[in-house]
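[1] Attaching a predicted model along with its sequence, questions to come.
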Amino acid sequence: MYFAENSMGKLIVQFALLNASFFAMWNLLGRLDWMTILHVEQVSESMEEKLGETYWELFKHAEQEVLDHAIVSKVDRLLTKLCEANDFDRDQMKLHLIKSEQVNAFALPGGHIIVYTGLILDSETEGELCGVLAHELAHQKLGHLMKKLVKEVGLSMLISMTSGNGNPEMIRQALKVLTSSAYDRSLEREADLKAIDYLINSKINPEGLANFLFRMSTTESDIQQQLFWLSTHPGGEERAKDILDQLETSVLIEEQILTPDEWEQLQEDLSF
């Protein structure tokens, strides 16, 4: 009887230890950075450019791109300033302006940054526009695009697209993930904070980004829905406060990129 009870006790202890080990291992696996372990970052370097070109080709056929040099060159100077001040290869970044009343901007893999003319017109200063550009640059440089695609589309699907086996509907759904759905809270906050660094390095006051986020958070709900990265939690007002809090101990040196006349001309040229 004692032997049976003792054996049963050992089995219970062994089962408990095995159960504890299983959940400990499960918890550990949940904490691992699978993006790195599965070499998705390395894979993304070879697939991002092809994905970006595929998505851009599909997107531009459905939209009207602004090609007027007088307009594009001014926005390009803002982006170039951000790239040069932060040691980014400007040649790897591809700026596209889209004629649309929507107040929106987003990034595609392979260095594509899409800016709607409605967002430029709604920006009250070049600092606000630079803030949005810096935010999208942050998504690019922090690898958020591929993380989002891997999470919501799947690595196997992305590989299929780059190998020429992706069907058009699959590609459209992947593009929709990047153009009309929000990043999660942690990625959005990370992009905001990194954008602050980019702006300070470029001698651009990050208050412009804070002002833009705050103003957008108080506008009509249809505008907030258009600007999908503003619709995430925390909201625009809280994000603006976080940016201002980060600036309390910062020493800012500001330099204008466009002259007041050039900024005014850009706004006038887009009001067509």
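    Nice, thanks for sending it over.

[2] Leu78 versus the closest residue in space to Ala105 that isn't next to it in sequence, what's the distance?
    Take Ala105 and drop its neighbours on the chain: the residue closest to it by C-beta to C-beta, 6 or more residues apart in numbering is Val115, 4.6 Å away. For every residue, glycine as well, the C-beta is placed using N, CA and C. Distance, Val115 to Leu78, by C-beta to C-beta, to the nearest Å: 10 Å.

[3] Name the residues contacting each of these two.
    With C-beta atoms under 8 Å, 6 or more residues apart in numbering applied, the overlap between the contact sets of Val115 and Leu78 consists of Leu133.

[4] Tell me who's in contact with Gly235.
    The contact partners of Gly235, by C-beta under 8 Å, 6+ apart, come to Ser217.

[5] now His139
    Residues near His139 by C-beta under 8 Å, 6+ apart: 107, 145, 183, 187, 191.

[6] one more time with 6 Å, if that's ok
    Remark: with contacts taken as C-beta atoms under 6 Å, 6 or more residues apart in numbering, His139 is in contact with 107, 191.

[7] name the helices or strands packed onto the helix or strand harbouring Glu264?
    Using DSSP states H and E, Glu264 sits within helix 260-270. With contacts defined as 3 or more C-beta pairs under 6 Å, 6 or more residues apart in numbering; DSSP states H and E, helix 260-270 has these neighbours: helix 117-122.

[8] Go again with 10 Å.
    Secondary structure elements in contact with helix 260-270, counted by 3 or more C-beta pairs under 10 Å, 6 or more residues apart in numbering; DSSP states H and E, are helix 69-85, helix 117-122, helix 126-141.

[9] May I have stretch 115-122 exported as PDB, CA atoms only?
    Output in PDB follows, covering the C-alpha atoms of stretch 115-122 (Å, rounded to 0.1, in the frame of the first residue of the first chain):
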ATOM      1  CA  VAL A 115       1.900  61.400 -49.400                       C
ATOM      2  CA  TYR A 116      -1.600  62.600 -50.400                       C
ATOM      3  CA  THR A 117      -2.000  66.200 -51.400                       C
ATOM      4  CA  GLY A 118      -4.800  66.600 -48.900                       C
ATOM      5  CA  LEU A 119      -2.300  66.000 -46.100                       C
ATOM      6  CA  ILE A 120       0.100  68.700 -47.500                       C
ATOM      7  CA  LEU A 121      -2.800  71.200 -47.800                       C
ATOM      8  CA  ASP A 122      -3.900  70.400 -44.300                       C
END
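
[10] Using JSON lines, lay out the helices and strands packed on helix 260-270 together with distance to Leu270.
    Formatted as JSON lines, the entries for the helices and strands packed on helix 260-270 read as follows, by distance: least, C-beta to C-beta, whole Å:
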{"stretch": "helix 69-85", "distance to Leu270": "7"}
{"stretch": "helix 117-122", "distance to Leu270": "5"}
{"stretch": "helix 126-141", "distance to Leu270": "11"}
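
[11] For these, give me TSV that also has mean pLDDT.
    Formatted as TSV, the entries for the helices and strands packed on helix 260-270 read as follows, by pLDDT from 0 to 100:
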stretch	mean pLDDT
helix 69-85	97
helix 117-122	95
helix 126-141	96
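
[12] Of the ones you listed, flag the one that's most buried.
    Among the helices and strands packed on helix 260-270, judged by mean count of other C-beta atoms under 10 Å, the one packed with the most neighbours on average is helix 126-141 (a mean of 24).

[13] next one: it to chain centre, how far?
    Here helix 126-141 shows a centroid-to-chain-centroid distance of 9 Å under the convention C-alpha atoms, centre = their mean, to the nearest Å.
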